[in-house]
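Asker: mind looking at a prediction? Sequence and model below.
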Amino acid sequence: MASGWAADGAENEQIEATINDAIERAKRALPQGESLTHCEECDAPIPEARRLAMPGVHLCVHCQQSLEQHQQKVELFNRRGSKDSQLR
């Protein structure tokens, strides 16, 4: 029967799927492999303490922060667009 209402639990399933997607993205973003001694973006030295604390690190702190800020802006933009499209 097409009543225009979502099935029971559909909203929770959507929320859970969104959370699972975010977890998978975060896992893929974790550094892997051997740490670099110099940043792959700006070629600045990566301190040994950072390399030990974050095995597989490829970026210096400054470049990592810039990357994360850019990703956050993109995610917020996509969320807004997603919410707007749900309201239509």
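Answerer: Perfect, thanks for sending it.
Asker: which stretches of the chain have low pLDDT?
Answerer: 1-7, 75-88 (pLDDT under 70).
Asker: and the helices in it?
Answerer: Assigned by DSSP state H, the helices in the chain fall at 10-29, 48-53, 61-87.
Asker: which residue is the nearest non-sequential neighbour of Cys63?
Answerer: With sequence-adjacent residues excluded and distances taken as Cβ to Cβ, 6 or more residues apart in numbering, Cys63 is closest to Glu41, at 4.2 Å. C-beta coordinates here come from the backbone N, C-alpha and C atoms, glycine included.
Asker: let me see the contact set for Glu41.
Answerer: Neighbouring residues of Glu41 by Cβ atoms under 8 Å, 6 or more residues apart in numbering: Leu59, Cys60, Cys63.
Asker: ah, wrong one, I meant Pro55
Answerer: Pro31, Glu34, Ser35.
Asker: confirm for me that the second one is in contact with His58.
Answerer: Think Glu34. No: the criterion here is Cβ atoms under 8 Å, and Glu34 misses it with His58 at 9.5 Å.
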